[in-house]
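K.L.:
Next input, structure requested:
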Amino acid sequence: MTAVHQFVPALLPRDATGDHTRALRDALRAAGIASDIYVEAAHDELADEATYFEEYPSRAEPGDVLLYQLGTSSPVAEFLLGRPEPLVLDYHNVTPEAFYAGWEEHTREKVALARRQVAELAPAAVLGIADSAFNAAELAALGCPATEVVPILVDLAAVAADPAEASRLAAEHGPGTVWLFVGRLSPNKVQHRLVAALWLYRRLYDPEARLHLVGPAVTPAYVEALDAYVAELGLSGAVRRAEGLSAAQLAAWYEDADVFVCLSEHEGFCIPLLESMRAGTPVVAYDAGAVGETLGGAGVLLDTWRPATVAAAVDRVRRDPDLAACLVAAGRHRLAAFAAPATAARFVEVLGGLDATGRRVA
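P.N.:
Numbers count the residues shown, from 1 in each chain. Just a heads-up that it's a prediction; the model follows:
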């Protein structure tokens, strides 16, 4: 093997998959392995870092291994299925279509196509790499001949919070408990469960508590229903949404929160858990998908999303400073498992262990 070229549907700035792809390229190059990025589309900011995937055949060389960053549907999948080079899948999970049924037909069709493409690609690959055992199990079940679990490359260096944003947040919500969840507004993230749990928490424990939801509104029908639910429960002044935040602004939202609460139904990894640990925000989370695996004991892990249980768990964290401090310390210790240098080295080890035919070499 002389090169590992990456293929990704879209290369975007301030995007987990895009950041991972570029970091992996740099790690491979630093190890003496040629690596370029081929895309279906690239943001203008990153246009000079990518080449359209249709141009790869004219650049192909003997010994190339092709690595697909797989997390959505794309013509890139069909292209790679037709190539003779050894194929490696770096699987970031695709949300099952059932979550979008009745909410948004276009998205349901898109993820259904993506899951079909995963099923076609898995047995054609020489190796699957997944950022969680949960994702690796999906690949194995679909016929991928071998899998490795290697965490996503994520920059966990401390980010200074925007002081103006921090001051504004504190002035707006007063002394009440602040719940935070970060993730796109989408049916699989089930933000309505957070709303229900907040309503009960305000009745039983803290009538001034607030819920902050940070993330893009990607499923309009779900967002409309969520807003209506918030209004119906009389929480319009207690639930706040934000999107498009800078890294410094997002850091302020994390640091402003008293607890990060995740009740998501489907997560292939959940980077916001790591961001909470970095910010020193204790975590209460429902054990679904890869959440428990990523959390690794560094939070309160629930086996139910029932509002009464969630509210009681948050109250326990708020009323027990020793518990909160223990969770924060455990989170910071847990972050070491995802340190970028070690993760990059593991990727190089796994990929560098393939020969030109895709077989593993000693």
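K.L.:
Three-state assignment for the nearest residue to Pro86 once chain neighbours are set aside, please.
P.N.:
Closest residue in space to Pro86, ignoring its immediate chain neighbours: Gly358 at 2.9 Å, by Cβ to Cβ, 6 or more residues apart in numbering. For the C-beta atoms, the positions are set from N, CA and C on the backbone; glycine is no exception. What DSSP: H, G, I helix; E, B strand; the rest coil gives for Gly358 is coil.
K.L.:
ranges for the strands of the stretch 151-300 of the chain?
P.N.:
178-182, 210-214, 239-242, 259-262, 283-286, 300-302 (DSSP state E, counting those that start in this stretch).
K.L.:
What angle do strand 178-182 and the helix or strand following the last one make with each other?
P.N.:
Per DSSP states H and E, the first helix or strand lying C-terminal to strand 300-302 is helix 307-319. Here helix 307-319 runs at 110 degrees with respect to strand 178-182, directions being taken by axes from the mean of the first three to the mean of the last three Cα atoms, to 10 degrees.
K.L.:
Residues contacting helix 307-319, please?
P.N.:
For helix 307-319, the surrounding residues in contact (Cβ atoms under 8 Å, 6 or more residues apart in numbering) are 177, 179, 193, 196-201, 204-206, 258-259, 261, 263, 282, 284, 286, 300, 302, 323-324, 327.
K.L.:
Please narrow those to those residing in helices.
P.N.:
Secondary structure assignment by DSSP state H places 193, 196-201, 204, 323-324, 327 of the contacts of helix 307-319 in helices.
K.L.:
Format these as JSON lines; extra columns: neighbour count.
P.N.:
Putting those into JSON lines (neighbours: other Cβ atoms under 10 Å) gives the following:
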{"residue": "Arg193", "neighbour count": "19"}
{"residue": "Ala196", "neighbour count": "21"}
{"residue": "Ala197", "neighbour count": "25"}
{"residue": "Leu198", "neighbour count": "26"}
{"residue": "Trp199", "neighbour count": "22"}
{"residue": "Leu200", "neighbour count": "17"}
{"residue": "Tyr201", "neighbour count": "25"}
{"residue": "Leu204", "neighbour count": "13"}
{"residue": "Leu323", "neighbour count": "14"}
{"residue": "Ala324", "neighbour count": "18"}
{"residue": "Leu327", "neighbour count": "24"}
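K.L.:
ok, those vs Ile33, which is closest?
P.N.:
Leu327 (39.4 Å; Cβ to Cβ).
K.L.:
Am I right that that closest one is in contact with Ala298?
P.N.:
Yes: counting by Cβ atoms under 8 Å, Leu327 touches Ala298, with 6.7 Å between them.
K.L.:
between these two, what contacts are shared?
P.N.:
Val283.
K.L.:
Generate a markdown table for the ones in helices among the contacts of helix 307-319, with distance to Asp90 and pLDDT as supplementary columns.
P.N.:
Converted to a markdown table, those look like this (distance: Cβ to Cβ, whole Å; pLDDT from 0 to 100):
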| residue | distance to Asp90 | pLDDT |
| --- | --- | --- |
| Arg193 | 30 | 98 |
| Ala196 | 36 | 98 |
| Ala197 | 35 | 98 |
| Leu198 | 36 | 98 |
| Trp199 | 40 | 98 |
| Leu200 | 40 | 98 |
| Tyr201 | 39 | 98 |
| Leu204 | 44 | 97 |
| Leu323 | 37 | 97 |
| Ala324 | 36 | 97 |
| Leu327 | 31 | 98 |
